[in-house]
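Trainee: turn this into a model:
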Amino acid sequence: MELLWEIAGWTGAAAILGAYLAVSMGWLKAGRRFQTANLFGACAFILNGAFHEAWPSVVTNVAWFLISAVALVRMRTAGQTAVPAPEDAQVQFPGVPDTTGQLAVVEVLTGAVHGDAEGQRPPR
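Mentor: Numbers count the residues shown, from 1 in each chain. Okay, here's the model as predicted:
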């Protein structure tokens, strides 16, 4: 029976770390699959922690479970499948992979380089 609780703990670790790795590397968007993996992993950690009487771990994973459960319920009510809508602006930090799936368009204004807002070059 002890082997079952150990398998649960290691499976939970693999689920949570795998989901985090996939989102961090941009292989997966932070949506239902990510939250489901976190929910499953937290449940497995709760079982393992309770067996080992590691109560701080149990409490942390109950919170982890609740966060994932609330996120999944909110996604279901909103009919959301992946990342928040564009109007829910997100901050993109340098060096962190973009998991929003949005494309940035950069427009170069040649006239502004020469000091003319109309795009005309100054006389030579």
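
Trainee: and the closest residue to A22 other than its chain neighbours, helix, strand or coil?
Mentor: What sits nearest to A22 in space, not counting adjacent residues and going by Cβ to Cβ, 6 or more residues apart in numbering, is L28, at 3.8 Å. Yep, even glycine has a C-beta here, placed from its N, CA and C like the rest. What DSSP: H, G, I helix; E, B strand; the rest coil gives for L28 is coil.

Trainee: please begin residue numbering at 327 from this point
Mentor: Okay, using 327 as the starting number, the last item reads as L354.

Trainee: the helices in the protein, which residues?
Mentor: 328-350, 358-377, 381-404, 436-439 (DSSP state H).

Trainee: buried residues in the third one?
Mentor: Applying a neighbour-count criterion of 16 or more other Cβ atoms under 10 Å, the buried positions in helix 381-404 are S383, V384, N387, W390, F391, S394, A397, L398, M401.

Trainee: contacts only, for the second one.
Mentor: Okay, so that is V384. If you count contacts by Cβ atoms under 8 Å, 6 or more residues apart in numbering, V384 has them with F371, I372, G375, A376.
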